[in-house]
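J.: Please find the sequence and the predicted model below.
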Amino acid sequence: MSDNAATRPRAGNAANLLTVLFSTWLLGGVLADVLAHNNIRKLETFFTPWHAALYSGFLATAAWVGWIVRRNLMAGRRGFDAIPTGYGLGVAGVALFLVAGAGDLAWHTIFGIEQNTRILFSPTHLLLITALSLIFTSPLRDALTDPAIPDAPSTRRLLPAMLGLAFAGAAIMVLLQYGNMLLLTPDRVVDALDRDGKGSGASSVALELIVTNVALLFPLLIIGRRWTIPFGTATIMYAVFGVQAAVLRTPMVLVTVVLCGLGVDLLAMRLRPGPSRRRAFWAFGALAPVVTWAVFFAVGFIEAGRLPGVVEFWTGMPVVAGLLGLLFAALLLPGAGALGGAGVEPAVSHETTPTAR
């Protein structure tokens, strides 16, 4: 069986959009289930409406992926060659979800139904989220190896890849609720940054900001490492994280996060970061977090009606996030010296692309 992306079929942009559509159903089931675990006491059975939403979404998504593979089998392809480029790991994710789902039933039967923080560390839940991430990112892997996509694509052309990547990030953040800055109310943030000293809560807020910063920035850098980031990318991807936070906290956070994304999109429009513009990519990695958290804090402080008392906290934390963003950008798109060059911009060729399973 050939593992060469050039000899395997492509799902196509329309099919990738349908994958994202089914993934939306699946991610919605995840959020509904988490919301129930967090708010309904004494859940005593595996068979709940929320699990029904989750597993029906999985069955629909799995059936769609299976139909794509079956279509290629009927066309005469065999084995791995029948799986579209980028969907190999998605098929593996479907298999893993089946195993993890059966394990989840067994786990709940033996140990009961978890609530609150316990659900975030259940081994079967960790496997389920891993499986979802593999499924959601299938359109991204397809796009990464598609030579027909230009170096500066439109937002519409990259939409399935953007949403699939954002869905995977949002699913992972479900397990990192204890480190999700977007779940904090403005009053809680202001109170934590209002005083210094042991037990003030500022350290906890700083750690949550760093974790959330990675979740928001890393998908944008993945896009920018391969293409010039089209306008709207940050707003669209941030909105996915905002919807997740709004479901688990309050609708107002969605407005805040969309404003943050718009600010980052304006920055990207000015810098035009991409694989052939290394310095702009680095600058974007450093400045996007500063813009994100400056806007987030500004909107939150307006909503809370006051500024925190410790100026160093709310002015310094976005800078820390920016420095980490610069580090990530430099690691993802290293300098010419790291590539064996002599101080010139590395040449970028898209004539050959790596195989994506």
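T.: Cool, got the structure.
J.: pLDDT below threshold where in the stretch 51-200 of the chain?
T.: 112-116, 197-200 (pLDDT under 70).
J.: Helices along that one, start to end?
T.: 88-111, 123-136, 138-144, 155-175, 186-192 (DSSP state H, counting those that start in this stretch).
J.: before we move on, what about the stretch 251-357 of the chain?
T.: Taking DSSP H, counting those that start in this stretch as the test, the helices found in the stretch 251-357 of the chain are 252-271, 278-304, 311-332.
J.: quick one: which of those is nearest Leu216?
T.: Minimum separation from Leu216 across the helices of the stretch 251-357 of the chain (Cβ to Cβ) falls at helix 278-304, 6.3 Å. Glycine gets a C-beta too; all of them are placed from N, C-alpha and C.
J.: picking that back up, out of the helices of the stretch 51-200 of the chain, which one sits most buried?
T.: Highest mean neighbour count among these (mean count of other Cβ atoms under 10 Å): helix 138-144, with a mean of 27.
J.: Can you give the distance of it from its chain's centre?
T.: Centroid separation for helix 138-144 versus its chain: 14 Å, with Cα atoms, centre = their mean, to the nearest Å.
J.: quick revisit: any chance of the helices of the stretch 251-357 of the chain in a markdown table, plus distance to Ile210 and mean pLDDT?
T.: Converted to a markdown table, those look like this (distance: least, Cβ to Cβ, whole Å; pLDDT from 0 to 100):
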| stretch | distance to Ile210 | mean pLDDT |
| --- | --- | --- |
| helix 252-271 | 16 | 96 |
| helix 278-304 | 10 | 97 |
| helix 311-332 | 7 | 96 |
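J.: now the helices of the stretch 51-200 of the chain as JSON lines including distance to Trp67?
T.: Converted to JSON lines, the helices of the stretch 51-200 of the chain look like this (distance: least, Cβ to Cβ, whole Å):
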{"stretch": "helix 88-111", "distance to Trp67": "12"}
{"stretch": "helix 123-136", "distance to Trp67": "14"}
{"stretch": "helix 138-144", "distance to Trp67": "14"}
{"stretch": "helix 155-175", "distance to Trp67": "17"}
{"stretch": "helix 186-192", "distance to Trp67": "46"}
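J.: wait, doesn't Arg8 sit right on Thr85?
T.: Yes: between Arg8 and Thr85 a contact is recorded at 4.9 Å, counting by Cβ atoms under 8 Å.
J.: ok now stretch 303-310, how far from the chain's centre?
T.: Distance, centroid of stretch 303-310 to centroid of chain: 30 Å (Cα atoms, centre = their mean).
J.: List the contacts of Val190.
T.: Neighbouring residues of Val190 by Cβ atoms under 8 Å, 6 or more residues apart in numbering: 300-301, 304, 306-308.
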